[in-house]
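**Q** fold the stuff below for me.
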Amino acid sequence: MFFDAAAQGLNVTPPATVEPFFVSDLPTTAFNVAYSGTGFQSNGSMGLMLVHMHNGTGNHTDVVAFRAPTITGFSPTSAHVGDFITITGSNFNAGTKVTFFKSTAPFSVDATQVSVLTSNTMSVRVPAGASSGPIRVSNAAGSSTKGGFTVLP
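**A** Purely as a prediction, here's the structure:
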């Protein structure tokens, strides 16, 4: 195991804390988690482990995994540049990036308008420069590619 405090992949910012890295574990307690893709990859991070130190019953630990996204489909399967398509799959979040195939070097173009609607659905505008071919979704945990998308003239 390895942890680099200067390059954290996930950095928890709890609300009022008793001590650094400790949060009052009460119902409805929430905290923010900052994400750094570079730190996540360089540390080999997999997610967060939460330890409930004074939990008399129930879970004493929870693991919140950060998983690679997957694509199960997209609709429509053909669209013009500038049109929106819906991508379905899993593990979509604010850090999910969408890349379309491009027929000339560098052979990919990033979508700049990506709206994650749920963890399983996102809406994406087909970017200028996109060509018919595969679509890739990715985050620091990994990526998934699905072929069969056609860019209409």
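**Q** when you work out contacts or count neighbours from here on, use the C-alpha atoms and nothing else.
**A** Noted.
**Q** element containing Thr38, please.
**A** helix 37-43 (DSSP states H and E).
**Q** count of neighbours near Phe149?
**A** 20 (other C-alpha atoms under 10 Å).
**Q** now do stretch 128-148: distance to the chain's middle.
**A** Its chain's average C-alpha position is 14 Å from that of stretch 128-148, according to C-alpha atoms, centre = their mean, to the nearest Å.
**Q** now it: buried residues?
**A** Within stretch 128-148, the residues that count as buried by 16 or more other C-alpha atoms under 10 Å are 129-132, 134-141, 143-145, 147.
**Q** do stretch 89-106 as well
**A** In stretch 89-106, counting by 16+ other C-alpha under 10 Å, buried: Gly89, Ser90, Asn91, Phe92, Asn93, Thr96, Lys97, Val98, Thr99, Phe100, Phe101, Lys102.
**Q** now, which of the residues you listed sits nearest Val33?
**A** Within the buried residues of stretch 89-106, the smallest distance to Val33 is 12.7 Å, found for Asn93 (C-alpha to C-alpha).
**Q** any weak-confidence spans in this structure?
**A** 1-5, 10, 13-32, 35, 37, 52-59 (pLDDT under 70).
**Q** the same query, at a cut-off of 80, please.
**A** 1-66, 140 (pLDDT under 80).
**Q** restricted to strands, list the buried residues of stretch 128-148.
**A** Counting by DSSP state E, the part of these found in strands is Pro134, Ile135, Arg136, Val137, Ser138, Asn139, Ser143, Ser144, Thr145, Gly147.
**Q** just flag the most distant two among the residues you listed.
**A** Asn139 and Gly147 (18.5 Å).
**Q** before we move on, back to that, show me what secondary structure element comes after the helix holding Thr38.
**A** Next element after helix 37-43 (DSSP H and E): strand 47-51.
**Q** partners of that following strand, with directions?
**A** strand 61-65 (antiparallel) (DSSP bridges).
**Q** picking that back up, make CSV from the buried residues of stretch 89-106 and add secondary structure and distance to Gly39 to it.
**A** Shown next, in CSV, are these (DSSP: H, G, I helix; E, B strand; the rest coil; distance: C-alpha to C-alpha, whole Å):
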residue, secondary structure, distance to Gly39
Gly89, strand, 25
Ser90, strand, 23
Asn91, coil, 19
Phe92, coil, 19
Asn93, coil, 17
Thr96, coil, 16
Lys97, strand, 17
Val98, strand, 20
Thr99, strand, 21
Phe100, strand, 25
Phe101, strand, 27
Lys102, coil, 29
